[in-house]
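[1] return atomic coordinates for the entry below.
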Amino acid sequence: MTRRALVITCGWLALLVAAECWLWPCRMMTEPCVMPATLLPPPRATNIVSLPKMPPAELFEQVAAKPLFAPSRRPEASPASATRAMDARLKNFPTAITLRYVVVAPGIAQARLHDAETGRDWTVELSDWVAGWRVTGIDARGIQLRRAGDTTLLEITGISRR
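    Numbers count the residues shown, from 1 in each chain. Here you go, the predicted structure:
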């Protein structure tokens, strides 16, 4: 190879390299580029909290076997919460009377009571009498009753002291 052929070949190679450098950004737009970082697996999580162990499956089967709205689904009452019959202030209040629901709206406040012994339902308003107790308040929690200076709250779930 002559010197002239070598210079011409080197010139063409330099021209090809320059053209490649000039066309490089255009080729990057049309071809997808795979970066080495995307080939790596995701990093392991370091803040994983271990979950508590699940209760045995038999427990779920026992709960699922009971009817959904049966009173037997309620937990057993503790002796501390079963003070209704032992409360001296309420010993004369009939245990058969329960509060079904209350209606509280502007200009109206009523409560629906039920007597389990007679099966009778009736509606009370402020200043009505229930088994010797006067209705002194009706709100979303229940009805407030007063007798001889004693005040109590008859709730939908029972009676609680105030």
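[2] going forward, measure contacts between C-alpha atoms and count neighbours the same way
    Will do.
[3] pull out the buried positions in the helix or strand harbouring G137.
    Assessed by DSSP states H and E, G137 sits inside strand 133-139. Buried positions in strand 133-139, judged by neighbour count with 16 or more other C-alpha atoms under 10 Å: W133, R134, V135, T136, G137, I138.
[4] which residues touch the fifth one?
    Applying C-alpha atoms under 8 Å, 6 or more residues apart in numbering, we find G137 in contact with L126, I143, Q144, L145.
[5] so who does T136 touch?
    By C-alpha under 8 Å, 6+ apart, the contact set of T136 is L126, S127, I143, Q144, L145, R146.
[6] export whichever strand or helix holds the fourth one as CSV, just CAs?
    Going back to what we said before, that points to Q144. Per DSSP H and E: Q144 is located in strand 142-147. Backbone C-alpha positions of strand 142-147 (Å, rounded to 0.1, in the frame of the first residue of the first chain) are rendered in CSV as follows:
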residue,chain,number,x,y,z
GLY,A,142,-80.9,7.2,74.9
ILE,A,143,-83.4,8.7,77.4
GLN,A,144,-82.7,10.3,80.7
LEU,A,145,-84.9,9.3,83.6
ARG,A,146,-85.4,11.0,87.0
ARG,A,147,-87.0,9.9,90.2
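[7] can you give the contact residues for that strand?
    Here strand 142-147 has contacts from 99, 101-102, 111, 132-138, 151-156, using C-alpha under 8 Å, 6+ apart.
[8] repeat the analysis, applying 7 Å as the threshold.
    102, 133-138, 151-156 (C-alpha atoms under 7 Å, 6 or more residues apart in numbering).
[9] go through those residues and name the one nearest L59.
    The shortest approach to L59 among these belongs to I156, at 29.6 Å (C-alpha to C-alpha).
[10] that closest one reaches L99, doesn't it?
    Yes: contact criterion C-alpha atoms under 7 Å: I156 and L99 qualify, at 4.9 Å.
[11] how many neighbours does A64 have?
    Residues lying near A64 (other C-alpha atoms under 10 Å) number 11.
[12] for it, give me phi and psi.
    Dihedral angles of A64 (phi, psi; degrees, to the nearest 10) stand at phi -70, psi -20.
[13] and the helices in this structure, which stretches?
    Per DSSP state H, the chain carries helices over the ranges 3-30, 57-65.
[14] of those, which is nearest A116?
    Nearest of the helices of the chain to A116, taken as C-alpha to C-alpha: helix 57-65 at 28.2 Å.
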